[in-house]
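Trainee: Have a look at this prediction, sequence included:
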Amino acid sequence: MVDTLAPAVSVMKIGAEDDVAVALQPLEAGADVLVDGQPVRLRDAIPAGHKFAVREVEQGAPVRRYRAPIGLATRAIAVGEHVHTHNVRTALSGEQAYAFDGAREEVRASASPRTFQGYVRADGSVGTRNELWILPTVGCVGRLGERLAAKANLLDAPGVDGVHAFNHPFGCSQLGADLDGTAAVIASLALNPNAGGVLLLGLGCESNQLEQLLQRIPEDRRDRLRVLRAQSAGDEFAAGQELVAELMALMAQDRREDVPLAKLRLGVKCGGSDAMSGLTANPLIGLMADAVTQAGGAAILTEIPEIFGAENLLLERATSRDVFDRLSTLVNSFKRYFLDHGEPVSENPSPGNIAGGITTLEEKSLGAVQKGGLAPVRDVIGYGERISLDASLGGLTVLEAPGNDAVSTTALAAAGATITLFSTGRGTPLGSPVPTVKIASNHALAERKAGWIDFDAGLVLELGMEGAAEELLTRILAIASGEPARNESNDERAIGIWKRGVTL
């Protein structure tokens, strides 16, 4: 709810049980604001996006926001006092035991009248783009791929939305699970419906051998796939040009057609969050996830370290004991990953998050999981794996990946996302292989970085959540139908591969 004592002073509070409210703009010490219809006098100046206490909190007691604890008070906190890192600490420590209370009932998909113009692939999947992707197996040929893409983009190629090379430094001097993760991500990217053609570009002597990589790609998906080993070609650039031209000729036959909302594969992500992200942008993205999954489509949530402290909100939506067990195991294994490297599980939020008003990882997580909406959690998949959904049932898939923006957006594209919604309160130009729709949590960012931002979620405060959701869905469907997202207009496209193991 939003309360104002004067037009220039406004605050927001989520639940009646919350101990704090959030300033929607800078507030001066001594100002009186209305919260739940009652005046609160501010003891401190409160920066925009930061919290202040609306009731007294004893030392050691939980501090509640989003109707849940975001940490513990390190000293007594008075009404009207600034609430942040100076008087609240995390309550997170390590692994937990989780109790299964029963499966969430699956929801039968209901047809939506909303549609978009997409590219229908032979396997029934639908892309939002018809692009040629050049995927190097190893960093040694990354620049070769970029040169081939630059040359191809100078050609007149009707029906082809662009040629893009995704350079990376991995694929050699890696071992075991680390090498397997690199190969899995590259193979899964090759299967993304947005790639109407794929050139797998190898060197020849790398650890990530093309023969093994090809085994990860089904035979019936190889008609739009070409392979080049640079060491085996007399003139690797000329050979690459021939293969690119061959793929582009095939892709020129593809056309957009009207498809239902259920065909959208939606990745959800946040980066550079502030305290408003959990009030405007993230719940708005959650409504988009609900709209797509209720229609029978797929939504994918990742950034596992950024659900620590809020995982029960997802666990209680698991559709089976198996899904519950796999999700709880994934959360605990990620916590163990931190602990085994001598790091606390609460080593988050980032300095930018803290400056924006987020105090603890619990607070960040409670705001972040709202991106998954209220959809049933139907599956849990590992890093580099791809989503699989029954055509008659929509739902949320939880994907193993860290919070790092480049790594997690790449993992979403590899999992099958054809468009990713990316909320931000601080701003970032980063883009992934698929349209990466930036949703600002506040007006100021949307105005200051109009070249980065696709949608202003600050509209929630003016239009309400439902009104802003209708506008955002319209924008998403326009982008899915071919309108460029800001990251595409700015040529901000890159991949990040999760490096976990030994480098030889």
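Mentor: Thanks, I have the structure now.
Trainee: avg pLDDT for stretch 237-256?
Mentor: The pLDDT scores in stretch 237-256 average 97.
Trainee: What are the contacting residues of it?
Mentor: 117-119, 130, 132, 134, 144, 147-148, 151-152, 155, 157-160, 163, 196-199, 201, 223-224, 226, 228, 233, 481-482 (Cβ atoms under 8 Å, 6 or more residues apart in numbering). Heads up, the C-betas are built off the backbone N, CA and C, glycines and all.
Trainee: Next step: these restricted to helices.
Mentor: Using DSSP state H, the members of these that fall in helices are 144, 147-148, 151-152.
Trainee: What is the neighbour count of the residue lying closest to V398 once chain neighbours are set aside?
Mentor: In this structure, V398 finds its nearest non-sequential neighbour in V380, 4.9 Å apart by Cβ to Cβ, 6 or more residues apart in numbering. If you count neighbours by other Cβ atoms under 10 Å, V380 ends up with 23.
Trainee: Packing partners of the host helix or strand of V380?
Mentor: Here V380, judged by DSSP states H and E, is contained in strand 377-381. Counting contacts by 3 or more Cβ pairs under 8 Å, 6 or more residues apart in numbering; DSSP states H and E, strand 377-381 is packed against helix 321-340, strand 395-399.
Trainee: Need the winner for burial among the ones you listed.
Mentor: Highest mean neighbour count among the helices and strands packed on strand 377-381 (mean count of other Cβ atoms under 10 Å): strand 395-399, with a mean of 27.
Trainee: Point to the helix or strand of the chain where mean pLDDT is at its lowest.
Mentor: Within the chain, confidence by mean pLDDT, DSSP states H and E is lowest for strand 2-6 among all helices and strands, at a mean of 40.
Trainee: Just the mean pLDDT for the helix or strand following that one, thanks.
Mentor: As assigned by DSSP H and E, the chain's next helix or strand after strand 2-6 is strand 9-12. The average pLDDT for strand 9-12 rounds to 75.
Trainee: Kindly report the same for stretch 138-156.
Mentor: Across stretch 138-156, pLDDT averages out at 96.
Trainee: Stretch 421-436 too?
Mentor: Over the span of stretch 421-436, the pLDDT mean works out to 96.
Trainee: buried set for that stretch?
Mentor: Across stretch 421-436, burial judged by 16 or more other Cβ atoms under 10 Å covers 421-428, 430-436.
Trainee: quick one: which of these is nearest A78?
Mentor: Looking at those and their distance to A78, the nearest is G425, at 27.3 Å (Cβ to Cβ).
Trainee: roughly how far apart are that closest one and L189?
Mentor: For G425, the distance to L189 (Cβ to Cβ, to the nearest Å) stands at 29 Å.
Trainee: now do G202
Mentor: Using Cβ to Cβ, G202 is found at 15 Å from L189.
Trainee: for G204, same thing?
Mentor: Noted for G204: a distance of 21 Å to L189, by Cβ to Cβ.
Trainee: Show me which of those two is the more surrounded one.
Mentor: L189 (25 against 15).
Trainee: List the residues that contact the more buried one.
Mentor: Per Cβ under 8 Å, 6+ apart, neighbours of L189: 133, 135, 166, 195, 410, 413-414, 433, 495.
Trainee: What about G464, how many residues nearby?
Mentor: 11.
Trainee: So for it, what's the pLDDT?
Mentor: Confidence at G464, expressed as pLDDT, is 92.
Trainee: again with the one 3 residues further on
Mentor: The predicted structure scores G467 at 96 on the pLDDT scale.
Trainee: who's in contact with it?
Mentor: Residues in contact with G467 (Cβ under 8 Å, 6+ apart) are L459.
Trainee: And V198, by the same measure?
Mentor: When contacts are counted by Cβ under 8 Å, 6+ apart, V198 touches 132-135, 190, 224-226, 247.
Trainee: mind checking how far it is from L374?
Mentor: 36 Å.
Trainee: could you turn stretch 434-451 into CSV, dropping everything but the C-alphas?
Mentor: Listed next in CSV are the C-alpha coordinates belonging to stretch 434-451 (Å, rounded to 0.1, in the frame of the first residue of the first chain):
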residue,chain,number,x,y,z
VAL,A,434,18.1,-13.7,-26.5
PRO,A,435,16.2,-10.5,-26.2
THR,A,436,17.0,-9.3,-22.6
VAL,A,437,14.2,-6.9,-21.6
LYS,A,438,15.3,-4.5,-19.0
ILE,A,439,12.6,-3.4,-16.5
ALA,A,440,13.5,-0.5,-14.3
SER,A,441,12.1,-0.5,-10.8
ASN,A,442,11.8,3.3,-10.7
HIS,A,443,11.1,6.3,-12.8
ALA,A,444,14.5,8.0,-12.2
LEU,A,445,16.4,5.1,-13.7
ALA,A,446,14.1,4.7,-16.6
GLU,A,447,14.5,8.4,-17.4
ARG,A,448,18.3,8.6,-16.8
LYS,A,449,19.1,5.4,-18.8
ALA,A,450,16.4,5.4,-21.5
GLY,A,451,18.9,3.8,-23.8
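Trainee: How about that stretch, which residues are buried there?
Mentor: 434-446, 449.
Trainee: In a markdown table: the residues you listed, plus distance to G297 and secondary structure.
Mentor: A markdown table is the format used below for the buried residues of stretch 434-451 (distance: Cβ to Cβ, whole Å; DSSP: H, G, I helix; E, B strand; the rest coil):
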| residue | distance to G297 | secondary structure |
| --- | --- | --- |
| V434 | 15 | coil |
| P435 | 16 | coil |
| T436 | 18 | strand |
| V437 | 16 | strand |
| K438 | 21 | strand |
| I439 | 18 | strand |
| A440 | 24 | strand |
| S441 | 24 | coil |
| N442 | 28 | coil |
| H443 | 30 | helix |
| A444 | 33 | helix |
| L445 | 28 | helix |
| A446 | 27 | helix |
| K449 | 29 | coil |
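Trainee: Name the nearest of the residues you listed relative to L366.
Mentor: Nearest to L366, judged by Cβ to Cβ, of the buried residues of stretch 434-451 is S441 at 14.9 Å.
Trainee: Alright, that wraps it up for me.
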